[in-house]
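>>> for reference, the sequence and a predicted model appear below.
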Amino acid sequence: MSNLSDSPDRFGLVSRAFHWGMAALFAAQFLSAAAHWALPRESALRGTLWSYHTNLGTTLFLLVLLRGVWGLLNLRNRPAHANFIGQAAKLGHLALYALMVIVPAVRLVASAGGTRGFSYFGISIFPARETAIAWTQVAAEWHGAMGWILAALVLGHIAMAVVWHRLIKRDDVLSQMA
């Protein structure tokens with residue numbers, strides 16, 4: 001059971017499964033958003049990828065919440081972040097987690113107050129309203145911009161892992177999550 005939980009030397013199997021599984025799902029999510037933004041409306045690929053965006057985003061939101069609970073339960077056991085770079089890494093991770101919660105949360109709020117409603121894999125969560133609640137639609141306007149900021153942070157996270165830890169420092173940080 002000890003290999004399931006985190007330790008000071010290495011993240012456990014559950015943390016690694018959350019990390020890499022969610023990494024793959026976020027890649028698909030950012031691809032769907034990029035296709036929606038970059039491809040013409042009549043593109044079948046754009047429509048297909050975009051059709052997964054809501055269900056995938058909701059799944060990621062649920063996984064982020066579960067991962068957050070798991071992380072808090074393992075907080076004392078996790079590998080330490082020492083010195084200035086370690087503290088910067090903590091802040092970067094905090095920003096990642098904050099946006100992984102806020103980005104879908106604002107979209108859910110907008111859906112709750114919107115005229116389209118919201119369903120998750122065909123199950124109605126919020127019914128459509130006749131008239132949108134104005135303040136909830138303001139939140140929807142932030143969803144896309146914050147999503148791209150999250151994508152930039154994810155790219156920075158990857159760059160720090162590969163460039164800083166693997167190529168420059170040549171330390172063992174990547175193996176803690178591999």
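That came through fine.
>>> using PDB, list the CA coordinates for the helix or strand of the chain with the lowest mean pLDDT.
Least confident helix or strand, the chain: helix 173-177 with a mean of 72, by mean pLDDT, DSSP states H and E. Only the C-alpha atoms of helix 173-177 are listed here, as PDB (Å, rounded to 0.1, in the frame of the first residue of the first chain):
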ATOM      1  CA  VAL A 173      12.900  15.600 -10.200                       C
ATOM      2  CA  LEU A 174      11.300  14.000 -13.300                       C
ATOM      3  CA  SER A 175      11.800  10.500 -11.900                       C
ATOM      4  CA  GLN A 176       9.700  11.500  -8.800                       C
ATOM      5  CA  MET A 177       6.700  11.800 -11.100                       C
END
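>>> my guess is residue 67 meets residue 17, correct?
No: Residue 67 is not in contact with residue 17 according to C-beta atoms under 8 Å; the separation is 9.6 Å. Every residue, glycine included, has its C-beta placed from N, CA and C.
>>> when the two are compared, which one has more neighbours?
Using other C-beta atoms under 10 Å, the more surrounded residue of residue 67 and residue 17 is residue 67, with 20 against 14.
>>> distance check, residue 9 against residue 78.
Separation of residue 9 from residue 78 (C-beta to C-beta, to the nearest Å): 10 Å.
>>> who does the least confident helix or strand of the chain touch, helix- and strand-wise?
For helix 173-177, the elements it packs on are helix 13-38, judged by 3 or more C-beta pairs under 8 Å, 6 or more residues apart in numbering; DSSP states H and E.
>>> which parts of the helix or strand just after the helix it packs on are buried?
Counting by DSSP states H and E, the next helix or strand C-terminal to helix 13-38 is helix 44-51. Buried residues in helix 44-51, counted by 16 or more other C-beta atoms under 10 Å: 46, 49-50.
>>> ok, so of the residues you listed, who is nearest residue 125?
Distances from residue 125 to the buried residues of helix 44-51, taken as C-beta to C-beta, are shortest for residue 50 (19.0 Å).
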